[in-house]
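[1] with the input below, show me the fold.
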Amino acid sequence: MNEKGLLAFPEFGNVTKYLKSGERTEVTEYIRNAVEQVQGDTDGLLVRNLLVWMNQNTERIHNSKDRRKFTRTAEEILKSRERTGCCDSSTLFTALARSKNIPAMQIITLGKDWVKKLDRREETKTESHYFTACYIRNVADDGEWVLIDSDKPVLDARDVNLTKLKLENRNLDRKFYAFAYVRDYSDIEVDGTKIDSIENMRKILYEAYLECDREDFKSKELGEER
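    Take a look at the predicted model:
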């Protein structure tokens, strides 16, 4: 894996690390109780059902200036019944998955088109996205990391795409390039700056932009659906 500009390195082999709560992704009794009835015959089906449940019980709010962005815990997000963006979606879903003993990590990305615009010195809004990766096991107890766009609206378990995460490729799709693989996004700190506001998220994105390797931006398809 190209490490240039990577602010948080993934530990794909240390699966148990991604069962542990962080500051924003704490698995509380409230969260465990909320999804107690959500089940699945396999890890893959359970992950799908959790994502459907999250969409049924919270609403995705589209307001780029919402001051709650990058400030709330998973429990606070769930209690409000509102997700302010992809960060909230990833934060809540990460906690929900861990509450069911499924390891989960947050993956933070740069928008590749945004990087190209900055390189051309064009004025543009920041473009980024938070994904979630889950470690799921099959009936033979073999496990693999799968990538989920936890911010994508779904109505049914059949709508949920679980794609094998390419462990050496930071291009998650044609649009987004990963710069941090984290247990909890609050773990990231650059020169004393943490992701705890819209402004500080922009600062972190710009730091990742300055360091990332443009030559590593390769448009590749996601893996096969699982």
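
[2] could you list the low-pLDDT ranges of the chain?
    139-140, 219-226 (pLDDT under 70).

[3] what segments of it are strands?
    Along the chain, counting by DSSP state E, strands occupy 59-60, 82-83, 104-111, 128-137, 143-148, 163-164, 176-182, 189-190, 193-194.

[4] so which of those comes closest to Glu211?
    Among the strands of the chain, strand 176-182 comes nearest to Glu211, with 8.1 Å by CB to CB. (C-beta placed from N, C-alpha, C; glycine too.)

[5] distance from that closest one to the middle of the chain?
    9 Å (CA atoms, centre = their mean, to the nearest Å).

[6] counting by contacts, list what that strand packs against.
    Here strand 176-182 touches strand 104-111, helix 112-119, strand 128-137, going by 3 or more CB pairs under 8 Å, 6 or more residues apart in numbering; DSSP states H and E.

[7] so it versus helix 112-119, what angle?
    100 degrees (axes from the mean of the first three to the mean of the last three CA atoms, to 10 degrees).

[8] ok, residues contacting strand 176-182?
    5-10, 22, 105-112, 115, 128-129, 131, 133, 170-172, 188, 208, 212, 216-217 (CB atoms under 8 Å, 6 or more residues apart in numbering).

[9] quick one: buried ones out of these?
    The neighbour count (16 or more other CB atoms under 10 Å) marks 5-8, 10, 22, 105-112, 115, 128-129, 131, 133, 170-172, 188, 208, 212 as buried among the contacts of strand 176-182.

[10] can you give me the helices for this protein?
    29-34, 43-57, 74-80, 86-99, 112-119, 198-211 (DSSP state H).

[11] closest one to Gly143 among the ones you listed?
    helix 43-57 (8.2 Å).

[12] quick check: buried residues in the closest one?
    Buried, per 16+ other CB under 10 Å, within helix 43-57: Asp43, Gly44, Leu46, Val47, Arg48, Asn49, Leu50, Leu51, Val52, Trp53, Met54, Asn55.

[13] of all the residues you listed, which comes closest to Ile198?
    Using CB to CB, those come closest to Ile198 at Met54, 22.8 Å.

[14] returning to that earlier point: which of the helices of the chain sits most buried?
    helix 86-99 (a mean of 27; mean count of other CB atoms under 10 Å).

[15] picking up where we left off before, among the helices of the chain, which is nearest Asp151?
    Of the helices of the chain, nearest to Asp151 by CB to CB is helix 86-99, at 3.9 Å.

[16] which strands or helices does the closest one pack on?
    Against helix 86-99 (3+ CB pairs under 8 Å, 6+ apart) you get helix 29-34, helix 43-57, helix 74-80, strand 82-83, strand 104-111, strand 128-137.

[17] which helices and strands does the third one pack with?
    With contacts defined as 3+ CB pairs under 8 Å, 6+ apart, the packing partners of helix 74-80 are helix 29-34, helix 86-99.

[18] repeat that for 6 Å
    Identification of packing neighbours for helix 74-80 by 3 or more CB pairs under 6 Å, 6 or more residues apart in numbering; DSSP states H and E yields helix 86-99.
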